[in-house]
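**Q** what's the 3D shape of this:
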Amino acid sequence: MIDPRRELMLLLGWIPVSLLGVSLLSVLAIHLVLPLLSGATILVPLLRLCQYAVPALGMFLLPMYLFPEGRRARSLLHQPLFPEGWSRRQIIRCLLVCVVGYLLCNMLTDLMTDFAERIGVEAVDRVELTVREELQRHHGTLVYYWFAFALIPAVVEELFFRGMLQPLLIRSLPIPAYASIGIASGIFALMHLSWIGFLGRIILGFLLGYLAHELRSLRLPILFHLTNNTLALVLIAFDL
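**A** Prediction:
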């Protein structure tokens, strides 16, 4: 069985390698594949869905089958939403943590946006900008982008960050578990490549990590992540 520290280093090395691969695939798709199929208007939304979905699947889902920790991560999908024996009070407390965490994420993002505007810096969240541009370019294809920007990221990112990276950090580093969760949250936020939403995503990542660690399951983190992404997509789509 592979040593957790060695597996952690390999997984951390996977991140820049996969990012480079995703960048190359995106360039090829935009400049080579899409122009060739520009006349097939029916296929364009589906092709653009693949442009975002396939790299995410390769970056975050492929490690599930390349690393030993992936088997354990997949097993967390089969665990119940809440551990057996949890009281109603524990469940309510967990759900309240979700609500408070969601509000805190949005508050921090709004504060960062206001701060950027005050100092004269362009306050643009890279992820939000990409989603907004795609929705403006292809009207009537919201369901495609729900898969690309909400469902698929919620599932594969939870498997990768909370199912693999976080447990490996907890087992490998001689620090408290919640410090390792904080490190995983920081990496999660950094990989979104947006400083405006950085603090908010750290809080979101820590909240999701807390849920995965306490529940020993990925079902609620995925559900919460999906809800967050869906709400964000709806707000952008209807300019709310």
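
**Q** Show the contacting residues for the closest residue to residue 197 other than its chain neighbours.
**A** What sits nearest to residue 197 in space, not counting adjacent residues and going by C-beta to C-beta, 6 or more residues apart in numbering, is residue 125, at 4.8 Å. All C-beta atoms are positioned from the backbone trio N, CA, C, and that covers glycine. Shown here is residue 125, whose contacts under the criterion C-beta atoms under 8 Å, 6 or more residues apart in numbering are 109, 194, 196, 197.

**Q** next one: residue 8
**A** Per C-beta under 8 Å, 6+ apart, neighbours of residue 8: 165, 168, 169, 172.

**Q** Could I get the contacts of residue 125 in TSV, plus columns for neighbour count and pLDDT?
**A** Output for these, formatted as TSV (neighbours: other C-beta atoms under 10 Å; pLDDT from 0 to 100):
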residue	neighbour count	pLDDT
109	22	86
194	20	82
196	22	84
197	24	84
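
**Q** which helices and strands does the longest helix seen in the chain pack with?
**A** Criterion DSSP state H: the longest helix present in the chain is helix 88-118. Of the remaining helices and strands, those touching helix 88-118 by 3 or more C-beta pairs under 8 Å, 6 or more residues apart in numbering; DSSP states H and E are helix 198-215, helix 219-237.

**Q** what's the most buried one of those?
**A** The highest mean neighbour count among the helices and strands packed on helix 88-118, using mean count of other C-beta atoms under 10 Å, belongs to helix 198-215: a mean of 22.

**Q** what stretches of this protein score poorly on pLDDT?
**A** When residues are selected by pLDDT under 70, those of the chain lie in 1, 22-23, 25-48, 138-140, 240.

**Q** Geometrically speaking, which residue is the centre of it?
**A** residue 157 (4.3 Å; C-alpha atoms, centre = their mean).

**Q** From residue 8, how far off is that residue?
**A** Note on residue 157: its distance to residue 8, by C-beta to C-beta, to the nearest Å, is 18 Å.

**Q** cool, residue 17 as well?
**A** In this view, residue 17 and residue 8 are 15 Å apart by C-beta to C-beta.

**Q** One more: residue 177?
**A** Relative to residue 8, residue 177 is positioned 15 Å away (criterion: C-beta to C-beta).

**Q** Other residues contacting whichever strand or helix holds residue 155?
**A** When secondary structure is defined by DSSP states H and E, residue 155 falls within helix 152-157. By C-beta under 8 Å, 6+ apart, the surrounding residues in contact with helix 152-157 are 53, 56, 57, 59, 60, 61, 188, 222, 225, 226, 229.

**Q** Would you convert those into CSV that also reports distance to residue 70?
**A** Formatted as CSV, the contacts of helix 152-157 follow (distance: C-beta to C-beta, whole Å):
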residue, distance to residue 70
53, 19
56, 16
57, 14
59, 13
60, 11
61, 9
188, 17
222, 16
225, 19
226, 21
229, 23
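
**Q** and of the contacts of residue 8, the nearest to residue 233?
**A** Nearest to residue 233 among the contacts of residue 8: residue 165, at 24.9 Å, using C-beta to C-beta.

**Q** Tell me the one among the contacts of residue 125 nearest to residue 67.
**A** Closest approach between those and residue 67, by C-beta to C-beta: residue 194, at 27.1 Å.

**Q** So that closest one, which state does it fall into?
**A** When the structure is reduced to helix, strand and coil (DSSP: H, G, I helix; E, B strand; the rest coil), residue 194 reads as coil.
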